[in-house]
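[1] sequence and predicted structure, then a few things I'm wondering about:
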Amino acid sequence: MAVTINTLREYKQKGEAFSALTSYDATFAQVVSEAGVDVILIGDSLGMVLQGHDSTLPVTMEQMIYHTSCVARGNKGSLIMADMPFMSYGTVTDALDNAAELMRAGAHMVKLEGTDWMKDTIEALSERGVPVCAHLGLTPQFVNKLGGYKVQGRDEKAAEAMIEHACELEAAGADIILLECVPAPLAARITQAVKAPVIGIGAGSDTDGQVLVLHDMLGVTTGRKPRFVKNFLADTGSIPEAITAYAKAVKERSFPAEEHTFKA
Ligand SMILES: Nc1nc(=O)c2c([nH]1)NC[C@@H]1CN(c3ccc(C(=O)N[C@@H](CCC(=O)O)C(=O)O)cc3)CN21
Ligand SMILES: CC(C)C(=O)C(=O)O
Ligand SMILES: [Mg+2]
């Protein structure tokens, strides 16, 4: 049975964790979906892991459409989420036009990075039939404003603001919240505060789901690895087995462990 946003809502209600992983092409999309990973993300991280840039900012709509169409052809029943790239949702009109392109390419929903300024955008998309994931915390498209890839929401004022933003974006129509690089206790508070399923990366084990970049969990990413990354290929014999082990570890909540988590 194909995974839908309702499937993810049911998981949250039952307290069953679900898994997500990036894919950028048809072959990996098929392997990832056949391994039982619930959500495939066409992440704008492709700008870093496929293209070799040091940020996600150079990624274009044309590239996201191309990779989304490749993933859609390989997918065997996972929910397909596509990142809207930098400045493709700067205005509500741009967001509608560009989200439509990603949905035509085969996405089932889109992901946008931002806070309360996205309320109108999310409302417009939601009203017109586009499910939205709101990405909060470390939002890589804001790296030049954030001053680096750093944990977000560490002080109480920033934590309160993030909780409020999550609630406001859910009220505007966001179907899923994604939290990146936030202290585990804050991620737990947000997961309780919203009805929408919450997916975490570097957000501890109390979110409803987990996501990783495919290249990171296969151990092929070059350079410094973030704390939240685990190499699942190291203890398995093949890429399909590594991906299956990841999906299982997320379901069992054995990943993320303490060493992958920011405590405060
Ligand atoms: N390969 C890859 N994996 C990712 O998870 C990822 C990308 N690319 N590209 C887009 C963003 C950038 N991401 C990053 C990149 C670096 C850190 C990092 O080095 N974090 C430090 C935390 C520093 C602090 O304590 O504030 C760490 O130790 O994990 C985190 C997220 C996550 N996303
Ligand atoms: C790291 C995940 C959440 C992402 O946005 C991406 O892969 O682009
Ligand atoms: Mg992204």
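    Good, I have the coordinates. Ligands and ions are numbered 1, 2, ... in the order given.
[2] switch to C-alpha atoms for all contacts and neighbour counts from now on
    Noted.
[3] and the pLDDT for Lys225?
    pLDDT for Lys225: 89.
[4] contact partners for it?
    Counting by CA atoms under 8 Å, 6 or more residues apart in numbering, Lys225 makes contact with Asp216.
[5] make sure it is indeed in a helix.
    No. With DSSP: H, G, I helix; E, B strand; the rest coil as the criterion, Lys225 is coil rather than part of a helix.
[6] what about the strands in this protein?
    Taking DSSP state E as the criterion, the chain carries its strands at 18-22, 39-42, 79-83, 109-113, 132-137, 176-180, 198-201, 209-212.
[7] how about those strands in a markdown table, adding mean pLDDT and mean neighbour count?
    Compiled in a markdown table, the strands of the chain are given as follows (pLDDT from 0 to 100; neighbours: other CA atoms under 10 Å):
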| stretch | mean pLDDT | mean neighbour count |
| --- | --- | --- |
| strand 18-22 | 99 | 26 |
| strand 39-42 | 99 | 28 |
| strand 79-83 | 99 | 27 |
| strand 109-113 | 99 | 24 |
| strand 132-137 | 99 | 26 |
| strand 176-180 | 99 | 26 |
| strand 198-201 | 98 | 28 |
| strand 209-212 | 98 | 25 |
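[8] relative to ligand 3, tell me which of those strands wins on proximity.
    For the strands of the chain, the distance to ligand 3 is smallest for strand 79-83, at 5.7 Å, taking CA to the ion.
[9] for that closest one, which strands pair with it and how are they oriented?
    Paired with strand 79-83 in the same sheet, following DSSP bridges, are strand 39-42 (parallel), strand 109-113 (parallel).
[10] between it and strand 18-22, how big is the angle?
    50 degrees (axes from the mean of the first three to the mean of the last three CA atoms, to 10 degrees).
[11] give me the contacts around strand 79-83.
    Contact partners of strand 79-83, identified using CA under 8 Å, 6+ apart, comprise 2-5, 38-44, 64, 68, 72, 102, 106-112.
[12] over to stretch 31-38?
    Stretch 31-38 is contacted from outside by 3, 18-21, 23, 39-40, 75-79, 240-241, 243-244, 247, using CA under 8 Å, 6+ apart.
[13] can you list contacts of the helix ranked longest in the chain?
    In terms of residue count, the longest helix belonging to the chain (DSSP state H) is helix 156-172. Residues outside helix 156-172 that contact it (CA under 8 Å, 6+ apart) are 115-116, 118-120, 122-123, 134, 136-137, 152-153, 176-177, 186, 189-190, 193-194, 196.
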